[in-house]
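Peer 1: Kindly generate the corresponding structure for this input.
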Amino acid sequence: KALIVRPTGGRMSTLLATERQALKEALQAGALTAGFASEGWTLSRIQTLIAQRWHHAYSLVHVRRLVLALGFSRQVPAVKDYHQDPD
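Peer 2: Below is the predicted model:
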């Protein structure tokens, strides 16, 4: 019995469907709206948001899986050369 692999790969998420929807709306509204100092979401910020609003403690790996399941993808900010002449 000890060698049986769990089909889910871990414990199920404890966020309810309504909480997931609220999380999705919060992510769409932006980090500034959620009370962070600057725009842009990181997994750590999302982890903090979940802990503050719904009192669930998730690992960063689980937060990533949750965000992907909500339909979001990893975004990389465009790198700009600030020394470049705008003209």
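Peer 1: Can you pull out the low-pLDDT segments for this protein?
Peer 2: 1-13, 77-78, 80-82, 84-87 (pLDDT under 70).
Peer 1: now the helices: where do they sit in it?
Peer 2: For the chain, the helices defined by DSSP state H occupy 17-29, 43-54, 60-69.
Peer 1: Now tabulate the ones you listed in TSV and tack on mean neighbour count and distance to F36.
Peer 2: Where you see a C-beta, it was placed from the backbone N, CA and C, and this is true even at glycine. Output for these, formatted as TSV (neighbours: other C-beta atoms under 10 Å; distance: least, C-beta to C-beta, whole Å):
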stretch	mean neighbour count	distance to F36
helix 17-29	13	11
helix 43-54	16	6
helix 60-69	15	15
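Peer 1: Quick one, which of those gets closest to H83.
Peer 2: H83 sits nearest to helix 43-54 of all the helices of the chain, at 29.4 Å, using C-beta to C-beta.
Peer 1: which other helices and strands contact that closest one?
Peer 2: Judged by 3 or more C-beta pairs under 8 Å, 6 or more residues apart in numbering; DSSP states H and E, the packing partners of helix 43-54 are helix 17-29, helix 60-69.
Peer 1: and the first one, how far from the chain's centre?
Peer 2: It refers to helix 17-29. Helix 17-29 sits 10 Å away from the centroid of its parent chain (C-alpha atoms, centre = their mean, to the nearest Å).
Peer 1: now stretch 41-54
Peer 2: Offset of stretch 41-54 from its chain centre (C-alpha atoms, centre = their mean): 7 Å.
Peer 1: what do you get for stretch 65-84?
Peer 2: Computed by C-alpha atoms, centre = their mean, the chain-centroid distance of stretch 65-84 equals 12 Å.
Peer 1: now swap in stretch 23-40 and tell me
Peer 2: With C-alpha atoms, centre = their mean as the basis, stretch 23-40 stands 10 Å off its chain's centre.
Peer 1: how long is it end to end?
Peer 2: End-to-end distance of stretch 23-40: 15 Å, with C-alpha to C-alpha, to the nearest Å as the criterion.
Peer 1: contacting residues around it?
Peer 2: Stretch 23-40 is contacted by residues 15, 41, 45-46, 49-50, 53-54, 66-67, 70-72, 77 when judged by C-beta atoms under 8 Å, 6 or more residues apart in numbering.
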